[in-house]
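Enquirer: return a 3D structure for these sequence lines:
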Amino acid sequence: MRFEIVSVASFVAKATLTTTLSHPMKTKLTVILTMSVAAVFTVAGCGDGGGKKPVTAKGNEMSMDAVQNDGDVKNKPPTVFAQPLARVNEAAARALISVGCKLKRQESYFASGFRPQKMGLLIGSGGETVKVFMLPQGDKVTNVWVDTDHSFVGMAGQQNWNKQVLAEMTSLLK
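Expert: Here you go, the predicted structure:
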């Protein structure tokens with residue numbers, strides 16, 4: 001009996017299957033288990049990064065209220081920059097690009113970028129979505145929150161980019 005390796009789960013199940021070929025009942029159960037686990041991993045890997053999409057206001061752009069009520073911002077302390085919103089917004093876009101993100105959205109109060117997947121020998125990296133939320137506190141002060149969302153595929157090789165983005169923004173806004 002021969003099976004192709006489709007994922008890590010099916011590889012593990014194949015190893016189990018080869019050791020249980022002497023018991024036909026165990027073989028059937030292992031084959032069913034293999035297909036079930038492979039299907040779950042395949043479906044889970046096709047998600048949109050956890051279903052967390054920014055709340056949008058008029059059209060596609062996030063409003064100030066949407067930023068304040070977003071789960072990645074609410075009840076979390078901001079990083080405060082003594083700079084106007086326009087300069088902070090520009091610095092956010094440049095900081096996202098500096099950590100390897102492709103800029104997906106740049107709006108008045110929100111910017112986000114996606115780090116492309118890179119495949120390694122055992123695990124890959126990339127696949128993170130990095131979001132920057134900005135709220136002006138007057139003409140010359142802006143509150144900023146940075147959040148990194150990880151995708152299911154490649155999660156082991158992904159990292160949190162919040163500190164690097166904030167450090168780059170701080171450097172750009174000096």
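
Enquirer: show me the shaky parts of the protein.
Expert: 1-59, 120-124, 152-157 (pLDDT under 70).

Enquirer: can you give me the helices for it?
Expert: 8-19, 24-45, 64-69, 85-98, 162-172 (DSSP state H).

Enquirer: quick one: list the elements packing against the shortest one.
Expert: Which is helix 64-69. Secondary-structure packing of helix 64-69 (3 or more C-beta pairs under 8 Å, 6 or more residues apart in numbering; DSSP states H and E): strand 129-136. The way it works is simple: take the backbone N, C-alpha and C, and place the C-beta from them, glycine included.

Enquirer: please identify the pairing partners of the strand it packs on and their relative orientation?
Expert: Strand pairing for strand 129-136, using DSSP bridges, gives strand 110-114 (antiparallel), strand 142-149 (antiparallel).

Enquirer: with just CA atoms, put the last one into CSV.
Expert: Going back to what we said before, that points to strand 142-149. The C-alpha coordinates for strand 142-149 follow below in CSV (Å, rounded to 0.1, in the frame of the first residue of the first chain):
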residue,chain,number,x,y,z
THR,A,142,-0.6,61.2,17.9
ASN,A,143,-1.3,58.0,19.8
VAL,A,144,-0.1,54.8,18.0
TRP,A,145,-0.8,51.1,18.5
VAL,A,146,1.0,48.4,16.5
ASP,A,147,-0.3,44.8,16.2
THR,A,148,1.0,41.8,14.4
ASP,A,149,-1.4,39.1,13.2
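
Enquirer: what are the buried residues along that strand?
Expert: For strand 142-149, burial by neighbour count (16 or more other C-beta atoms under 10 Å) applies to 142-149.

Enquirer: check stretch 97-109 too.
Expert: Going by neighbour count (16+ other C-beta under 10 Å), the buried part of stretch 97-109 is 99-101, 105, 107, 109.
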